[in-house]
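Engineer: A predicted structure for the sequence below; I have some questions about it.
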Amino acid sequence: LIGILIIQISISDINKIMTSNHHWQAAGNGQSGESYIVGNDMMMRSELRSHHEDAESFLGDLAKTGVSAIKIGAIRAHQDVIGRVRIDNDAVKQALNGKTGILEFNDYLGTSVIGAYQPIKIPGQTWVLISEIDTQEAFASVYDFEASSKNYITMIATVLALLALFIGGWFSRRLMQPMQHVTMQLQKLSQGKVGHDKVVYSGDDEISELIEASSILDMSMQHAIAQSQRIAKGDFSQDINVKSESDELGLALQQMNKTLRELSNIAAAIATGDYRHDVAIKGEQDQLGRSIAHMTQALRTSTEEASQRDWLKSNLADMSRSIQGQTDMHAFAATLMNLLPAILNANHATFFVWQHDSHVLLLKGHFACAVGTIAEQLHLGEGLTGQCARDKSLMIIDNVPKDYLNIQSSMGSTTPRSLIEIPLLADGDIAGV
């Protein structure tokens, strides 16, 4: 065993990634959105937004959920929630069971949120990535739409009621009943009630047109509500048909459905581990789009880093198995020269061992080197290899000069693009290059 490679990830680095360096709103998370990591013991592994922004308010709300005073005191004393706050909700449980998805649940303070969850596989254990936003904030646009629709319908009902009073006289006997029906219909529409019986009127005048318009309005509202209900349930599969280029309500629903469909497709791709899709940000107020874009980028980076760690771990294990038990230096060098070029996709390699008695670097092995082109021994500071041994530090050189070295085969020759000199250290002393 030459040594053990230990990789330590700083908690502060994890917090910078998960909190966008404490710039949640600038990163598109709105007033309440955040992302955090939970361990397989359901304890926090990263910072919480509410604790960072208002610690005392956070601790007060946490106490209301039943957390003991001792735990509250520990969080206040250490000014840190990591390893001290337990997150036990449906999203965490689903992710720990290996599932990925989006659902509505109560967060660590009992607040209703919409969140996406994803398991993070780490050798030996499973963590959970949660990205959430308060339900009230997530559906604010829908609530605003309902309020504005009711105000619009109430205004129309009021205008028609005044019109009915103005007509008066003998017209009132003939027109009172249908107008009363129309008024009642519009008043019910202003209260959000749709699906009324059609008003019967035999005339062919402005009143009949008004009755027809109210019926069309009723059907349009039914259609808009049905479409909104489908969207609220997460069904974005059907296209929204607009009445005309001036149909602002239809156009708004169409754009909202299209945007949510795109985000749903991207979320589905993320759930399968496909993070290649880019989220198109619709504007400065597109908080959901920014949140999913940030989550996609974070998952993409995390996956790439995990892949690199897996590659390093696998190759180190293969090398360890291959050289385990070897005591002969020449056999060790031959095995090393067979493994390293294949792992690093190298076309040329040498292995020098430091001789403590003669104080020189002695060539013990090489790969694809022409006879007579390599020095058999080097002193400290002699050439790049000797300098690497003296400095005891990694050297990476790109754009190697064309006349530095030729890599030859039976078909021809070429020059290398890069050169890597790796010092081998034992207890801080040079052992080889």
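Structural biologist: Arrived safely.

Engineer: next secondary structure after the longest helix along the chain?
Structural biologist: With secondary structure taken from DSSP state H, the chain has its longest helix at helix 287-323. Later in the chain than helix 287-323, the nearest helix or strand by DSSP states H and E is helix 329-344.

Engineer: any chance you could map the strands in the stretch 1-150 of the chain?
Structural biologist: 34-38, 101-106, 112-122, 125-134 (DSSP state E, counting those that start in this stretch).

Engineer: any idea which of these is most buried?
Structural biologist: With neighbours taken as mean count of other Cβ atoms under 10 Å, those reach their highest mean count in strand 34-38, at a mean of 24. Any C-beta I mention is one placed from the backbone N, CA and C, and that applies to glycine too.

Engineer: tell me which other helices or strands it touches.
Structural biologist: Under the contact criterion of 3 or more Cβ pairs under 8 Å, 6 or more residues apart in numbering; DSSP states H and E, strand 34-38 touches helix 11-18, strand 125-134, helix 287-323.

Engineer: if we use 7 Å, what do you get?
Structural biologist: helix 11-18, strand 125-134 (3 or more Cβ pairs under 7 Å, 6 or more residues apart in numbering; DSSP states H and E).

Engineer: can you list contacts of the shortest one?
Structural biologist: What that stands for is helix 11-18. 35, 36, 37, 46, 47, 82, 298 (Cβ atoms under 7 Å, 6 or more residues apart in numbering).

Engineer: now with 6 Å, please.
Structural biologist: Under the criterion Cβ atoms under 6 Å, 6 or more residues apart in numbering, residues 35, 36, 46, 47 lie in contact with helix 11-18.

Engineer: residue 65: which of these is nearest?
Structural biologist: Closest approach to residue 65 among the contacts of helix 11-18 (Cβ to Cβ): residue 36, at 16.4 Å.

Engineer: residue nearest the centroid of this protein?
Structural biologist: residue 295 (1.5 Å; Cα atoms, centre = their mean).

Engineer: what about the helices in this protein?
Structural biologist: With DSSP H as the criterion, the chain has helices at 11-18, 49-53, 55-64, 69-78, 90-96, 135-138, 140-167, 169-190, 206-232, 248-271, 287-323, 329-344, 383-391.

Engineer: quick one: closest of those to residue 431.
Structural biologist: The closest of the helices of the chain to residue 431 is helix 383-391. By Cβ to Cβ, the value is 9.4 Å.

Engineer: sorry, back to before: now the contacts of helix 11-18 in CSV, with pLDDT and distance to residue 373?
Structural biologist: Converted to CSV, the contacts of helix 11-18 look like this (pLDDT from 0 to 100; distance: Cβ to Cβ, whole Å):
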residue, pLDDT, distance to residue 373
35, 91, 55
36, 91, 57
46, 89, 53
47, 91, 56
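
Engineer: just for the stretch 1-150 of the chain, where's the confidence low?
Structural biologist: Within the stretch 1-150 of the chain, the ranges that satisfy pLDDT under 70 run 1-8, 143-150.

Engineer: who does the nearest residue to residue 376 once chain neighbours are set aside form a beta bridge with?
Structural biologist: For residue 376, ignoring the flanking residues on the chain, the nearest one in space by Cβ to Cβ, 6 or more residues apart in numbering is residue 363 at 5.1 Å. Beta-bridge partners for residue 363, by DSSP bridges, are residue 352.

Engineer: just to check, residue 363 is in contact with residue 373?
Structural biologist: No. The criterion here is Cβ atoms under 6 Å, and residue 363 misses it with residue 373 at 11.4 Å.

Engineer: tell me which of these two has more neighbours.
Structural biologist: A side-by-side neighbour count of residue 363 and residue 373, using other Cβ atoms under 10 Å, places residue 363 first with 17 against 11.

Engineer: ok, the more buried one to residue 217 distance?
Structural biologist: Applying Cβ to Cβ, to the nearest Å, the value for residue 363 to residue 217 is 91 Å.

Engineer: again with residue 272
Structural biologist: 44 Å.

Engineer: so who does the closest residue to residue 334 other than its chain neighbours touch?
Structural biologist: Of all residues not flanking residue 334 in the chain, residue 365 sits nearest, at 5.8 Å (Cβ to Cβ, 6+ apart). Taking Cβ under 6 Å, 6+ apart, we find residue 365 in contact with 333, 334, 337, 351.

Engineer: circling back to that earlier point, just say which of the helices of the chain is most tucked in.
Structural biologist: With neighbours defined as mean count of other Cβ under 10 Å, the helices of the chain peak in mean count at helix 90-96, which reaches a mean of 20.

Engineer: put the alpha carbons of it into CSV.
Structural biologist: Taking Å, rounded to 0.1, in the frame of the first residue of the first chain, the C-alpha atoms of helix 90-96 are listed here in CSV:
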residue,chain,number,x,y,z
ASP,A,90,-43.1,12.6,2.4
ALA,A,91,-40.5,14.0,-0.1
VAL,A,92,-37.5,12.8,2.0
LYS,A,93,-39.1,9.4,2.6
GLN,A,94,-39.8,9.0,-1.2
ALA,A,95,-36.3,10.0,-2.1
LEU,A,96,-34.6,7.7,0.5
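
Engineer: and that helix, what does it pack onto?
Structural biologist: Judged by 3 or more Cβ pairs under 6 Å, 6 or more residues apart in numbering; DSSP states H and E, helix 90-96 is in contact with strand 112-122, strand 125-134.

Engineer: to residue 342, which of these lies closest?
Structural biologist: Of all these, it is strand 112-122 that lies closest to residue 342, at 27.1 Å by Cβ to Cβ.

Engineer: how much space between residue 51 and residue 17?
Structural biologist: Remark: distance between residue 51 and residue 17 (Cβ to Cβ) = 17 Å.

Engineer: grab the nearest non-local neighbour of residue 63.
Structural biologist: residue 72 (5.5 Å).

Engineer: pretty sure the one you found sits against residue 61.
Structural biologist: No. Between residue 72 and residue 61 there is no contact under Cβ under 6 Å: 10.7 Å.

Engineer: separation between the nearest residue to residue 346 once chain neighbours are set aside and residue 139?
Structural biologist: Distances taken as Cβ to Cβ, 6+ apart place residue 340 nearest to residue 346, at 6.8 Å, with adjacent residues excluded. Separation of residue 340 from residue 139 (Cβ to Cβ): 57 Å.
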